[in-house]
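S.K.: Next input, structure requested:
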Amino acid sequence: MIAVMAMTSVCDGIAQPAVSQLQPLVETSARRLNLAREVAFAKWENGTAVEDPPREEHVIASAVSEGMAEGLDPAVVSRFFRAQIEANKVVQSSLLSTWHRAGKAPDHQTKDLTTTIRPQLDEIQKRLIEELVSTKPVRVSATCRLDLATAVSGYLTTHQLSAVDVQATALKQSLAAFCP
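M.R.: Got it, this is the predicted structure:
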């Protein structure tokens, strides 16, 4: 009887299917990637490189610190955010390459990287940390990779993205370090 009650409690705690639990993480990663366009515009206007190792290390260190405060393994957080950054650079590089070939960027209103875009990225980082905490049981499950692939596929279908679209490829890359 006690064993049945214990199993019911465990099941109640993770009653939501793993794929549904992963949807907010996938959505937030996609939001982070959507900001890559704004970052690319800012870098186009300023003539700065996509690569920014000091900034990247700052972001990772900040995420690790936030994650540790929430009880997350620093190595997990570091790998996850490095994947987020690398995926973002894929989108930026693709856009910048297209604009260089065309000789110009599309018409746009450039937002300031420091005062407008980075604060948005910082908020997304906080949300991603929260989602890493809430999805820990899924991350350590035997079906993590399948559940994550299903969640990403659902996102791509909902947003009508082809599996070969740069955003789709980058989204998959941004989440590649989620499962052990």
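S.K.: how deep is residue 129 tucked in, by neighbour count?
M.R.: Applying other C-beta atoms under 10 Å, we find 23 residues neighbouring residue 129. From N, CA and C alone the C-beta is placed, and that goes for glycine too.
S.K.: Residue 105 too?
M.R.: Look at residue 105: counted by other C-beta under 10 Å, it has 16 neighbours.
S.K.: Run through the residues that contact it.
M.R.: By C-beta atoms under 8 Å, 6 or more residues apart in numbering, residue 105 lies in contact with 41, 44, 99.
S.K.: and of these, the nearest to residue 117?
M.R.: residue 41 (9.2 Å; C-beta to C-beta).
S.K.: Next, residue 111: secondary structure please.
M.R.: coil (DSSP: H, G, I helix; E, B strand; the rest coil).
S.K.: circling back to that earlier point, quick check on the contacts of residue 105: which are buried?
M.R.: 41, 44 (16 or more other C-beta atoms under 10 Å).
S.K.: Filter the contacts of residue 105 down to the ones in helices?
M.R.: Among those, the members found in helices (DSSP state H) are 41, 44, 99.
S.K.: Including distance to residue 157, could these go into CSV?
M.R.: Output for those, formatted as CSV (distance: C-beta to C-beta, whole Å):
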residue, distance to residue 157
41, 28
44, 31
99, 29
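S.K.: which among these gets closest to residue 174?
M.R.: Residue 174 has its nearest neighbour among the ones in helices among the contacts of residue 105 in residue 41, at 19.8 Å by C-beta to C-beta.
S.K.: okay if I get the contacts of residue 105 as CSV plus pLDDT?
M.R.: Below are the contacts of residue 105 laid out as CSV (pLDDT from 0 to 100):
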residue, pLDDT
41, 96
44, 96
99, 96
